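Novice: From the sequence below, what's the structure:
(2 chains)
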Amino acid sequence: GAGVSQSPSNKVTEKGKDVELRCDPISGHTALYWYRQRLGQGLEFLIYFQGNSAPDKSGLPSDRFSAERTGESVSTLTIQRTQQEDSAVYLCASSLVWGLADPLENEQFFGPGTRLTVL
Amino acid sequence: AQKVTQAQTEISVVEKEDVTLDCVYETRDTTYYLFWYKQPPSGELVFLIRRNSFDEQNEISGRYSWNFQKSTSSFNFTITASQVVDSAVYFCALSTIGGSYIPTFGRGTSLIVHP
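Specialist: Sure thing, here's the model as predicted:
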């Protein structure tokens, strides 16, 4: 069975350009999460989806960041007018459900990440 | 607010040594979950363990063991007889209902095991 996949694996862009990062969750997983990992730092939560709904967008760093999800499948994270401080690895995870009704169903499976470098 | 502190930035050991990775957490919630993840050089986080706040039993899985102590708000991870393949960054995380179950991660500890 396929795990969480992300594309591209690496993205180098110039400051000011827009980028789109893609996440394909595990089939059947209703919850999807985006994290940012700066060099030498822990994971910074950005946003999660339950189905195609994102109840809490407060983790997005600025209004240049947006995310959407189609049904219970692919999600895209878009960064507009990229800045050098956006350089990081962007990790996506999915879980069967959101919340901890059953911890076993809530286990997050992570993708390999997209390494974004803004020159 | 919730917080996870992994004070050790990097640990370097020689193969077969035992090593303990520290994790200290802060939360006001009485119900919470603690996690450890491994991030090998490939970048993909691998889930290792989840422990809820009501279960203070220590756990052992092969060469891995975890020591959960509520009195000191710590959830330490020990690798016995380390191997080169254990080299990775290890993250401790905390999730609570007050945090909408979104895990808060520590900064990670980079473990380097030399042959």
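Novice: Show me which helix or strand of chain A is least confident by mean pLDDT.
Specialist: helix A:103-106 (a mean of 61; mean pLDDT, DSSP states H and E).
Novice: and after it, which helix or strand comes next?
Specialist: Per DSSP states H and E, helix A:103-106 leads on to strand A:109-110 as the next helix or strand towards the C-terminus.
Novice: Parallel or antiparallel, which strands does that next one pair with?
Specialist: Using DSSP bridges, the strands paired with strand A:109-110 in its sheet are strand A:88-95 (antiparallel).
Novice: check contacts around the closest residue to B:Val85 other than its chain neighbours.
Specialist: Using Cβ to Cβ, 6 or more residues apart in numbering or on different chains and skipping the chain neighbours, the partner closest in space to B:Val85 is B:Val113 (7.9 Å). For every residue, glycine as well, the C-beta is placed using N, CA and C. For B:Val113, the contacting residues are B:Val13, B:Val14, B:Glu15, B:Glu17, B:Val19, B:Ser82, B:Gln83, B:Val84, B:Val85, B:Asp86, B:Ser87, by Cβ atoms under 8 Å, 6 or more residues apart in numbering or on different chains.
Novice: I'd like to know how many residues surround the third one.
Specialist: This points to B:Glu15. By other Cβ atoms under 10 Å in any protein chain shown, 14 other residues sit near B:Glu15.
Novice: So B:Phe105 is in contact with B:Ser95, correct?
Specialist: No: between B:Phe105 and B:Ser95 there is no contact under Cβ atoms under 8 Å: 9.9 Å.
Novice: for stretch B:23-33, which positions count as buried?
Specialist: B:Cys23, B:Val24, B:Tyr25, B:Thr27, B:Tyr32, B:Tyr33 (16 or more other Cβ atoms under 10 Å in any protein chain shown).
Novice: So for B:Phe105 and B:Ser95, which sits in the more crowded spot?
Specialist: Neighbours per residue (other Cβ under 10 Å) separate B:Phe105 from B:Ser95, with B:Ser95 holding more: 26 against 22.
Novice: so when I look at A:Arg22, I'm seeing a helix, right?
Specialist: No: under DSSP: H, G, I helix; E, B strand; the rest coil, A:Arg22 falls outside any helix and is assigned strand.
Novice: Once you drop chain neighbours, what's closest to it?
Specialist: A:Ser7 is the one closest to A:Arg22 (Cβ to Cβ, 6+ apart), at 4.8 Å.
Novice: Which residues are in contact with that neighbour?
Specialist: Contacts of A:Ser7 by Cβ under 8 Å, 6+ apart are A:Leu21, A:Arg22, A:Asp24, A:Thr114.
Novice: Could you check how far it is from B:Tyr90?
Specialist: A:Ser7 is 27 Å from B:Tyr90, where distance means Cβ to Cβ, to the nearest Å.
Novice: The helix-or-strand element of chain B with minimal mean pLDDT packs against which elements?
Specialist: Every helix and strand of chain B was ranked by mean pLDDT, DSSP H and E. The lowest is strand B:59-61, at a mean of 86. On a contact count with 3 or more Cβ pairs under 8 Å, 6 or more residues apart in numbering or on different chains; DSSP states H and E, strand B:59-61 meets strand B:46-52, strand B:64-69.
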